[in-house]
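Novice: next come a sequence and a model predicted from it.
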Amino acid sequence: MPLGLPGARRRHREPADASPERAEQLRGHVTGLCGSHAPLAPSLPALSLTLAPLGFDTPCPPLPWSQSADSAGRAALPSRPRPWPPAVLSALPGPAGVRRGRGRGRTGQGRSRRPPPAALGGGAEEPGGRGSGSPVLGLLSGTRTLLEAPRAPLSQSQAFPAMRPVGVWQWSPWGLLLCLLCSSGWGSPSPSASPEKRPGSEGLRFRLAGYPRKPSEGRVEIQRAGEWGTICDDDFTLQAAHVLCRELGFTEATGWTHSAKYGPGTGRIWLDNLSCSGTEQSVTECASRGWGNSDCTHDEDAGVICKDERLPGFSDSNVIEVEHQLQVEEVRLRPAVGWGRRPLPVTEGLVEVRLPDGWSQVCDKGWSAHNSHVVCGMLGFPSEKRVNTAFYRLLAQRQQHSFGLHGVACLGTEAHLSLCPLEFYRANDTARCPGGAPAVVSCVPGPLYTASSSQKKQQQSKPQGEARVRLKGGAHPGEGRVEVLKAGTWGTVCDRKWDLQAASVVCRELGFGSAREALSGARMGQGMGAIHLSEVRCSGQEPSLWKCSHKNITAEDCSHSQDAGVRCNLPYTGVETKIRLSGGRSRHEGRVEVQTGGSGPPRWGLICGDDWGTLEAMVVCRQLGLGYANHGLQETWYWDSGNITEVVMSGVRCTGTELSLDQCAHHSTHISCKRPGTRFTAGVICSETASDLLLHSALVQETAYIEDRPLHMLYCAAEENCLASSARSANWPYGHRRLLRFSSQIHNLGRADFRPKAGRHSWVWHECHGHYHSMDIFTHYDILTPNGTKVAEGHKASFCLEDTECQEDVSKRYECANFGEQGITVGCWDLYRHDIDCQWIDITDVKPGNYILQVVINPNFEVAESDFTNNAMKCNCKYDGHRIWVHNCHIGDAFSEEANRRFERYPGQTSNQIV
């Protein structure tokens with residue numbers, strides 16, 4: 001095959017005897033010729049890079065010098081070159097290593113000119129000159145010429161002579177061949193055998209280890225000086241995880257773990273108190289206590305959860321080392337009879353485990369209730385019950401079995417069967433489970449998954465009290481930020497020493513299975529208010545988190561950036577198979593199609609887009625396991641090759657908490673759609689993250705006051721409809737309006753920026769305020785009677801969203817001025833001061849009495865959030881006609897039900913008047 005390079009005037013044919021043996025012999029010769037000058041090159045095609053900016057059409061002249069890189073990644077020129085070995089000088093045939101080309105160069109001249117010094121990595125020197133530097137073979141035109149090595153680095157003007165005319169240099173066949181062979185790395189170690197090195201990380205190797213885990217997560221291990229070690233979780237942050245994930249070849253981190261979630265490591269603990277900003281190119285640029293200086297144990301090993309997206313140029317085999325050992329990957333229950341016809345979820349059956357070679361059964365010899373407890377937890381059930389094994393043993397005698405596991409001895413506290421002592425049958429074991437039978441388990445489903453009427457009656461017969469633990473901010477059931485109830489107030493849990501045992505106690509208490517993940521670092525968004533617990537330590541058998549040992553928190557101990565969360569195991573219900581998205585650019589978006597049919601054959605159809613909104617889209621994304629809803633589309637332009645045009649569902653109305661779309665109110669028999677056609681069918685765009693807005697209730701209470709404002713100062717407010725309807729009949733510009741003023745500070749504590757639904761093209765310019773408004777309705781301000789009747793409102797016609805202030809480690813991203821982008825960044829807040837227009841409620845017509853001040857953010861659910869239940873804030877108000885007292889301001893779900901009732905109860909009050 002001809003080999004062509006820019007600047008080569010001849011085609012070099014491959015030798016006729018290019019056999020593998022001949023190639024290996026040639027490799028050996030080249031190894032001896034090139035010596036230490038055969039650099040590691042990724043591949044031969046990479047050598048075709050032209051050096052035209054430096055005046056060359058061939059990449060080989062710089063090769064005799066070993067280039068390094070400075071801290072900024074720029075190629076640095078050495079002060080002294082490495083000499084070519086004598087074997088190279090004597091190996092070139094003929095009187096000259098290269099011949100002068102006679103063609104016309106780039107400058108149109110008929111002769112070649114001397115190459116610019118930068119191309120050779122050195123300073124200018126006269127042809128044939130002799131100096132004190134090491135000799136370098138002149139493989140360029142002319143006779144065998146010695147070029148003097150440089151004595152000083154070049155200036156920038158010398159290194160890049162872009163404006164000087166230069167000639168094109170030709171290679172002789174032998175010189176070109178030798179250059180290519182040396183450059184391609186023949187005779188050198190294969191580059192695939194060495195891990196990729198990032199600037200500053202030379203001499204270090206990184207890997208992910210531990211179990212159970214996915215390929216993109218695990219315990220971080222670093223090899224330094226030939227010894228593998230771990231990182232302590234003290235002061236570990238998401239920013240440090242970003243740096244380490246890039247070291248491992250991933251684009252970024254989505255989370256991190258502590259307390260040896262993936263198991264304790266061995267060897268040295270290389271780093272402790274690691275502090276990174278997140279922008280470092282290498283972990284060596286982060287602050288720490290120094291290599292090997294740590295006061296931690298391996299119970300504090302840190303781990304990372306990286307985004308499953310690779311950086312270009314990283315090979316998986318060099319970055320991640322997975323421990324290859326036999327593990328139980330999955331567990332299921334197979335009903336002994338009626339397989340495939342039983343309603344989901346399956347709660348009783350033969351235990352089967354998925355091993356690398358397929359599904360196998362478990363021998364029941366030594367099987368205990370503790371084993372059943374662990375299996376039920378993995379399957380999403382909180383507890384187990386006794387089962388009639390006699391029936392199954394009788395049935396087992398008539399069937400053939402494939403046993404793969406025996407000797408299971410769980411304690412009942414494990415979150416996964418692989419964490420229990422167990423034994424695998426070897427491939428050559430002929431007598432498997434002699435005298436035994438397949439293990440059988442029967443599980444008790446939680447309240448959300450109770451299917452039969454007997455199970456529902458059993459759940460209803462249990463004493464019902466207000467739960468003392470809940471999950472907030474999760475996209476799916478069984479996941480979220482852990483909050484506990486203490487003294488009538490909900491608060492979060494600090495993630496210090498948070499592990500799978502504690503998380504499993506929470507999951508089972510809520511009616512789910514064992515914990516799949518124990519989340520730290522506010523992975524489910526930050527809470528606001530009290531932090532009730534820290535350093536929770538559970539054995540895994542406690543009925544409630546409050547039964548675990550814990551430490552009462554103090555203000556300086558923990559912050560909401562350390563809020564703990566969980567992901568629980570859920571029963572398989574198959575609801576995700578009843579719905580799908582079609583025509584989207586990715587699996588997270590498309591037109592919604594649902595499966596119908598009932599007793600007949602199943603068929604797919606569309607959903608009418610009338611009244612379709614964010615809450616309905618939330619249910620679809622949850623049912624599909626795709627996270628939160630970003631948009632609910634009433635009109636879709638997705639093209640589907642399946643040609644499905646029938647609308648089978650309309651009038652869908654969801655509360656947003658349903659597990660599947662068929663639990664929402666809808667028309668399934670009499671379809672009614674105002675706008676027919678596939679264009680006006682429902683669609684969704686899902687997202688893995690969402691914002692979460694929360695009002696700072698204490699600031700409302702601190703800043704509330706009454707102002708009598710003259711009408712002549714309210715023209716702009718009247719234009720935006722910020723006054724009561726009676727203001728239209730007022731005697732303008734005389735008179736005044738009584739306004740209840742207060743400040744609103746709206747925080748984004750979620751995991752995604754809050755962005756207005758409307759695009760910039762539809763924003764409205766308001767001359768009064770001098771900026772664009774991006775949302776018509778963002779908050780409602782209402783005065784309610786104790787029974788909920790609205791007596792006054794302060795609806796702001798439109799809003800401009802921006803980052804007024806942010807947390808220490810967060811930068812502002814949005815501002816209203818100069819037609820800037822609008823929104824609220826995660827970790828920032830938007831402040832509406834009490835002294836700006838429309839930041840009030842017009843109470844001119846309100847009579848004296850006791851009332852409720854209510855502020856609702858995002859009232860129409862126009863923008864998706866991870867939690868809508870914390871969008872309302874309430875305060876008690878007492879108005880005597882001249883003064884107003886605002887007290888007990890709180891987020892709607894921040895207190896227990898009893899506390900909320902107590903806030904809104906007024907003893908002795910029978911009407912709206914003060915008694």
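Specialist: Here it is on my side, so go on.
Novice: so for the residue nearest in space to the middle of the chain, what's the pLDDT?
Specialist: What sits nearest the mean C-alpha location of the chain, by CA atoms, centre = their mean, is residue 254, with 3.6 Å. With respect to pLDDT, residue 254 scores 90.
Novice: just residue 809 next, same as before
Specialist: Looking at residue 809, the pLDDT reads 80.
Novice: residues touching the residue nearest to the centre of the chain, list them.
Specialist: Neighbour list for residue 254: 305, 306, 307 [criterion: CB atoms under 8 Å, 6 or more residues apart in numbering]. No exception for glycine: its C-beta is placed from N, CA and C like everyone else's.
Novice: report the contact partners of the first one.
Specialist: Shown in contact with residue 305 (CB under 8 Å, 6+ apart): 216, 217, 241, 253, 254, 255, 256, 257.
Novice: buried residues, whatever helix or strand the fifth one lives in. List them.
Specialist: Just to be clear, that refers to residue 254. Assignment of secondary structure by DSSP states H and E places residue 254 within strand 253-257. By neighbour count with 16 or more other CB atoms under 10 Å, strand 253-257 contains the buried residues 253, 254, 255, 256, 257.
Novice: so where is the stretch 351-500 of the chain shaky, pLDDT-wise?
Specialist: Counting by pLDDT under 70, the stretch 351-500 of the chain has low-confidence residues at 427-430, 451-466.
Novice: change it to 50
Specialist: Applying pLDDT under 50 to the stretch 351-500 of the chain flags the ranges 453, 459-463.
Novice: and the strands in it?
Specialist: With DSSP state E, counting those that start in this stretch, the ranges of strands along the stretch 351-500 of the chain come out as 358-362, 383-385, 403-406, 423-424, 440-444, 469-472, 479-486, 489-493.
Novice: out of those, which is closest to residue 619?
Specialist: Across those, residue 619 has its closest neighbour in strand 479-486 (15.8 Å, CB to CB).
Novice: what pairs with that closest one, and is each one parallel or antiparallel?
Specialist: Partners of strand 479-486 in the sheet, by DSSP bridges, are strand 469-472 (antiparallel), strand 489-493 (antiparallel), strand 565-568 (antiparallel).
Novice: TSV please, covering these and showing distance to residue 501 and mean neighbour count.
Specialist: Below are the strands paired with strand 479-486 laid out as TSV (distance: least, CB to CB, whole Å; neighbours: other CB atoms under 10 Å):
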stretch	distance to residue 501	mean neighbour count
strand 469-472	15	20
strand 489-493	14	23
strand 565-568	11	27
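Novice: among the ones you listed, which is nearest residue 508?
Specialist: The nearest among these, by CB to CB, is strand 565-568 at 8.4 Å.
Novice: following the closest one, which helix or strand shows up next?
Specialist: Next helix or strand after strand 565-568 toward the C-terminus (DSSP H and E): strand 579-582.
Novice: got the buried residues for the next helix or strand after that next one?
Specialist: Going down the chain from strand 579-582, the next helix or strand is strand 589-596, by DSSP H and E. Judged by neighbour count using 16+ other CB under 10 Å, the buried positions of strand 589-596 are 589, 590, 591, 592, 593, 594.
Novice: show me the contacts of residue 254 that map onto strands.
Specialist: Those of the contacts of residue 254 mapping onto strands are 305, 306, per DSSP state E.
Novice: as a markdown table, the contacts of residue 254 with distance to residue 541 would be great.
Specialist: Converted to a markdown table, the contacts of residue 254 look like this (distance: CB to CB, whole Å):
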| residue | distance to residue 541 |
| --- | --- |
| 305 | 28 |
| 306 | 34 |
| 307 | 36 |
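Novice: and the contacts of residue 254 as a markdown table, adding pLDDT and distance to residue 533?
Specialist: Compiled in a markdown table, those are given as follows (pLDDT from 0 to 100; distance: CB to CB, whole Å):
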| residue | pLDDT | distance to residue 533 |
| --- | --- | --- |
| 305 | 92 | 24 |
| 306 | 92 | 29 |
| 307 | 88 | 30 |
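Novice: ok, back up a step: in JSON lines: the strands paired with strand 479-486, plus distance to residue 506.
Specialist: Listed next are those as JSON lines, based on distance: least, CB to CB, whole Å:
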{"stretch": "strand 469-472", "distance to residue 506": "6"}
{"stretch": "strand 489-493", "distance to residue 506": "9"}
{"stretch": "strand 565-568", "distance to residue 506": "5"}
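Novice: so which of those strands gets nearest residue 397?
Specialist: Here strand 565-568 is closest among the strands paired with strand 479-486 (CB to CB), at 37.6 Å.
Novice: quick one: residue 206 from residue 494, how far?
Specialist: Separation of residue 206 from residue 494 (CB to CB, to the nearest Å): 29 Å.
Novice: how about residue 205?
Specialist: As judged by CB to CB, residue 205 and residue 494 stand 34 Å apart.
Novice: looking at those two, which is more packed in?
Specialist: Comparing residue 205 with residue 494 by other CB atoms under 10 Å, the one with more neighbours is residue 494, at 23 against 19.
Novice: residues touching the more buried one, list them.
Specialist: Counting by CB under 8 Å, 6+ apart, residue 494 touches 531, 533, 534, 535, 553, 557, 558, 562, 563, 564.
Novice: show me the beta-bridge partners of the second one.
Specialist: The residues listed as beta-bridge partners of residue 533 by DSSP bridges are residue 493, residue 552.
Novice: hmm, back to that, out of the contacts of residue 254, which comes closest to residue 892?
Specialist: residue 305 (32.4 Å).
Novice: what's the distance between stretch 672-681 and the middle of its chain?
Specialist: 36 Å (CA atoms, centre = their mean, to the nearest Å).
Novice: whoops, stretch 383-394 was the one
Specialist: With CA atoms, centre = their mean as the basis, stretch 383-394 stands 42 Å off its chain's centre.
Novice: endpoint to endpoint, stretch 822-842 covers what distance?
Specialist: End-to-end distance for stretch 822-842, by CA to CA, to the nearest Å: 28 Å.
Novice: so which bits of it are buried?
Specialist: 822-832, 834, 837-842.
Novice: restricted to strands, list those.
Specialist: If you go by DSSP E, the buried residues of stretch 822-842 have 828, 829, 830, 831, 832, 840, 841, 842 in strands.
Novice: now pLDDT and distance to residue 296 too, for those, in CSV please.
Specialist: What follows is these, written out as CSV (pLDDT from 0 to 100; distance: CB to CB, whole Å):
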residue, pLDDT, distance to residue 296
828, 94, 34
829, 95, 36
830, 93, 40
831, 93, 41
832, 89, 46
840, 93, 54
841, 94, 55
842, 94, 60
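Novice: identify the farthest-apart pair in the residues you listed.
Specialist: Among those, 828 and 842 lie farthest apart (CB to CB), at 30.0 Å.
Novice: I'd say residue 604 and residue 643 touch.
Specialist: No - at 10.7 Å, residue 604 and residue 643 do not qualify as touching, with contact defined as CB atoms under 8 Å.
Novice: more crowded one of those two?
Specialist: residue 604 (17 against 7).
Novice: show me the contacts for the nearest residue in space to residue 651 that is not next to it in sequence.
Specialist: The shortest distance from residue 651 to any non-neighbouring residue, by CB to CB, 6 or more residues apart in numbering, is to residue 667 (4.1 Å). Neighbouring residues of residue 667 by CB under 8 Å, 6+ apart: 649, 650, 651.
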